[in-house]
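Participant: Kindly return the folded structure for what I paste below:
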Amino acid sequence: MTLNQYQQAQAPQIGYRIDNGEARSMRSFYIPNDEEPILNAVNFALNSMFLMPNLLAAKSKIIMTTLSTNGKTLSYTFPTKGLTQALKAVNNCR
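Facilitator: Numbering: from 1, shown residues only. So this is what the prediction gives:
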């Protein structure tokens with residue numbers, strides 16, 4: 001995210017695909033910090049009533065994408081083996 005986007009509270013859209021399912025998107029939020037803007041990280045509502053059940057139903061992978069500040073697509077693939085156990089260990093990120 002650029003400094004201007006941070007100052008305007010305009011975090012990028014996050015795309016995601018669960019296994020080989022349909023591509024979807026969700027809104028992200030900038031991470032406020034009083035000392036120095038955090039421009040290389042965003043937050044999103046993991047406890048969304050739509051997102052969490054879909055993540056838990058994933059069989060093999062979750063692919064997340066966003067646009068970098070230079071307009072290139074950044075894509076990250078996360079294997080889902082152990083996801084349910086990991087979320088339980090952190091109380092579903094609550």
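Participant: give me phi/psi at the closest residue to residue 9 other than its chain neighbours?
Facilitator: Leaving aside its chain neighbours, residue 9 sits nearest to residue 30 (5.8 Å; criterion: CB to CB, 6 or more residues apart in numbering). C-beta here means a position set from N, CA and C on the backbone, and glycine is covered the same way. Torsion angles at residue 30 (phi, psi; degrees, to the nearest 10) stand at phi -70, psi 160.
Participant: which strand residues sit across from residue 30 in the sheet?
Facilitator: residue 42 (DSSP bridges).
Participant: quick one: the residue lying closest to residue 51 once chain neighbours are set aside from residue 12, how far?
Facilitator: Of all residues not flanking residue 51 in the chain, residue 26 sits nearest, at 6.5 Å (CB to CB, 6+ apart). Separation of residue 26 from residue 12 (CB to CB, to the nearest Å) stands at 11 Å.
Participant: Give me the more crowded residue out of those two.
Facilitator: residue 12 (19 against 15; other CB atoms under 10 Å).
Participant: Surely residue 56 and residue 83 touch.
Facilitator: Yes. Counting by CB atoms under 8 Å, residue 83 is a contact partner of residue 56 at 7.1 Å.
Participant: Residue 84: neighbour count?
Facilitator: 14.
Participant: How about residue 30?
Facilitator: Neighbours of residue 30 using other CB under 10 Å come to 20.
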